[in-house]
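In: Here's a sequence, model it:
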Amino acid sequence: MKNSGALFMDFGLIMLCIVGSLAVFVAFLMIENLYLLLAIILAVAAVSYLFAKAEGIRTPIVGAFQRRRRFAFATVLAVIILFPFILRSSPYWIYILTIAILWIIVCLGINIQFGSAGIINLGAAAFYGVGAYTAGMLATKLGSPALLNLLAGAIMSMVVGSVLFIPVLKTSSYYLALVTIAFVMAFHTLLNNAEWLGGAQGIVGIPLMSIGSYSFLQEINFLGLKLPSQANFYYLALVLGGLLTLAAYRLWNSWVGLTWNAFNEDTGDELSAQCMGVQVKKWSMIAFTVGNFYIGLAGAFFAHMNSYVAPPDITFYLSLLFLSAVILGGVDSILGVSVAAVLLVILPEKLRALQQYWMILFGIILVLMLILRREGLIPVGVRTYGLKKPRTADTSSER
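Out: Reported below is the predicted structural model:
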């Protein structure tokens, strides 16, 4: 009976936290009054602070999630899958959540580069654009299928990144950041002036996503419930994002992620790594190209979802936002980066009334995070290498 009581207590705490968070999130999306939105933000911040300081509240909740990880994960996944049903009367927010998933994919790619390997990429928007323009050109000029275009956009971003990495190999640290800044500036200028790429108008009339004979323009009819056509893009992005998140986690929680950390300036030392036999240039190239695969894939998806892509979509400002999500969420923290990416997509949309002050507010938040919580919203965890429990030393031989 005692075990059953503890079991129901754990399930109750988990459901209370998840359902409560869902209710607050949906209310935040639906409410239009600016003062109510600010009140919700302050209330969430206060609850988060209380949760961090009140051990009597935090301990049972954290314990419940740790003991029932599978149940908690399944519940959160179910909520994410059900979002289009919950928001079926607001196609706009389904679209915004799809953009948020694309941002998660991009930021996971940057996290592999910057968080794991320490490669400062301030030109992520350019690789995003390479993927988008590749998909757009293939679709409009050759009429190739959308799924093939997604793969082609990702691969082209890898190829362009590999070429760029030749001069990058001769630089390091902040000089590397300057190279990527120069690349995104040059790429933006090229897009504005190259008529074969559409010039300042960009590429228009890109066919919307379709798989075989199934067009993403049609509504989803599930058990009598009709979901808007935007749900098609949401679910495809969710599948791709889930697979890429799993791949990113498997890379991080393996000797590959440890190898990248070995020559990262913040977590290791390049000279020591070389002395231990790590081929720094080779593994830097791998991290850079894998990250660009993620970024290019998201860009190609964006082009097909919006049916156009233009130079204003590819700016240095966008690169800064992508990198900021990694810093705010927690460098090398997959969960933290994902949460920060979603916040940086949704908050500007909800706080449009403060648009002229948004960059000031964002700058203040970023500075405060760097001063007060350098590890980010959700700090990176400890690798377990697939073990359910950490190994303990066997002291039987010492007895």
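In: By average pLDDT, which secondary structure element in this structure comes out worst?
Out: helix 355-372 (a mean of 76; mean pLDDT, DSSP states H and E).
In: To what extent is A100 buried, counted in neighbours?
Out: 20 (other Cβ atoms under 10 Å). The way it works is simple: take the backbone N, C-alpha and C, and place the C-beta from them, glycine included.
In: secondary structure class for G268?
Out: Classification of G268 using DSSP: H, G, I helix; E, B strand; the rest coil returns coil.
In: what's the pLDDT at it?
Out: Note for G268: predicted pLDDT of 78.
In: For the residue lying closest to it once chain neighbours are set aside, give me its contacts.
Out: Leaving aside its sequence neighbours, G268 sits nearest to A262 (Cβ to Cβ, 6 or more residues apart in numbering; 4.3 Å). Residues in contact with A262 (Cβ atoms under 8 Å, 6 or more residues apart in numbering) are G268, D269, S272, A273, M276, V278.
In: swap the cut-off to 10 Å and go again
Out: A117, W255, G268, D269, E270, S272, A273, Q274, M276, V278, V280, W283 (Cβ atoms under 10 Å, 6 or more residues apart in numbering).
In: How far off centre is the least confident helix or strand of the chain?
Out: Here the centre of helix 355-372 is set off from its chain's centre by 20 Å, with Cα atoms, centre = their mean, to the nearest Å.
In: same for it, what does it pack against?
Out: Applying 3 or more Cβ pairs under 10 Å, 6 or more residues apart in numbering; DSSP states H and E, we find helix 355-372 packed against helix 316-329, helix 334-350.
In: returning to that earlier point: looking at the contacts of A262, which one is closest to I99?
Out: Distances from I99 to these, taken as Cβ to Cβ, are shortest for A117 (26.6 Å).
In: circling back to that earlier point, okay if I get the helices and strands packed on helix 355-372 as TSV plus distance to A231, mean neighbour count and mean pLDDT?
Out: Formatted as TSV, the helices and strands packed on helix 355-372 follow (distance: least, Cβ to Cβ, whole Å; neighbours: other Cβ atoms under 10 Å; pLDDT from 0 to 100):
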stretch	distance to A231	mean neighbour count	mean pLDDT
helix 316-329	25	22	90
helix 334-350	18	21	91
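In: out of these, which comes closest to R373?
Out: Between the helices and strands packed on helix 355-372, helix 316-329 lies closest to R373; by Cβ to Cβ that is 9.4 Å.
In: Quick one: list the elements packing against the closest one.
Out: helix 91-110, helix 124-137, helix 173-193, helix 334-350, helix 355-372.
In: and the first one, average pLDDT?
Out: Over the span of helix 91-110, the pLDDT mean works out to 95.
In: Would you indicate which residues of that helix are buried?
Out: Residues of helix 91-110 classed as buried by neighbour count (16 or more other Cβ atoms under 10 Å): 91, 93-110.
In: Next: stretch 12-26.
Out: Applying a neighbour-count criterion of 16+ other Cβ under 10 Å, one finds L13, I14, C17, I18, L22, F25 buried in stretch 12-26.
In: Distance-wise, check the closest residue to L236 other than its chain neighbours relative to T98.
Out: Among residues not flanking L236 along the chain, M209 sits closest, at 6.8 Å (Cβ to Cβ, 6+ apart). Going from M209 to T98 by Cβ to Cβ, to the nearest Å gives 11 Å.
In: Quick one: list the elements packing against the biggest helix by length in the chain.
Out: Secondary structure assigned by DSSP state H gives helix 2-30 as the longest helix of the chain. Packing contacts for helix 2-30, counted by 3+ Cβ pairs under 10 Å, 6+ apart, involve helix 34-53, helix 55-67, helix 69-86, helix 91-110, helix 334-350.
In: What residues does I327 make contact with?
Out: By Cβ under 10 Å, 6+ apart, the contact list for I327 reads I110, F114, G115, G336, V337, A340, L366, M369, L370, R374, G376.
In: on that earlier part again, any of the contacts of A262 buried? List them.
Out: Here, 16+ other Cβ under 10 Å leaves A117, G268, E270, A273, V278, V280, W283 buried among the contacts of A262.
In: TSV please, covering those and showing distance to F293 and secondary structure.
Out: TSV is the format used below for the buried ones among the contacts of A262 (distance: Cβ to Cβ, whole Å; DSSP: H, G, I helix; E, B strand; the rest coil):
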residue	distance to F293	secondary structure
A117	14	coil
G268	24	coil
E270	24	helix
A273	24	helix
V278	22	coil
V280	20	helix
W283	16	helix
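In: Including distance to M30, could those residues go into JSON lines?
Out: JSON lines is the format used below for the buried ones among the contacts of A262 (distance: Cβ to Cβ, whole Å):
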{"residue": "A117", "distance to M30": "41"}
{"residue": "G268", "distance to M30": "46"}
{"residue": "E270", "distance to M30": "50"}
{"residue": "A273", "distance to M30": "50"}
{"residue": "V278", "distance to M30": "51"}
{"residue": "V280", "distance to M30": "50"}
{"residue": "W283", "distance to M30": "46"}
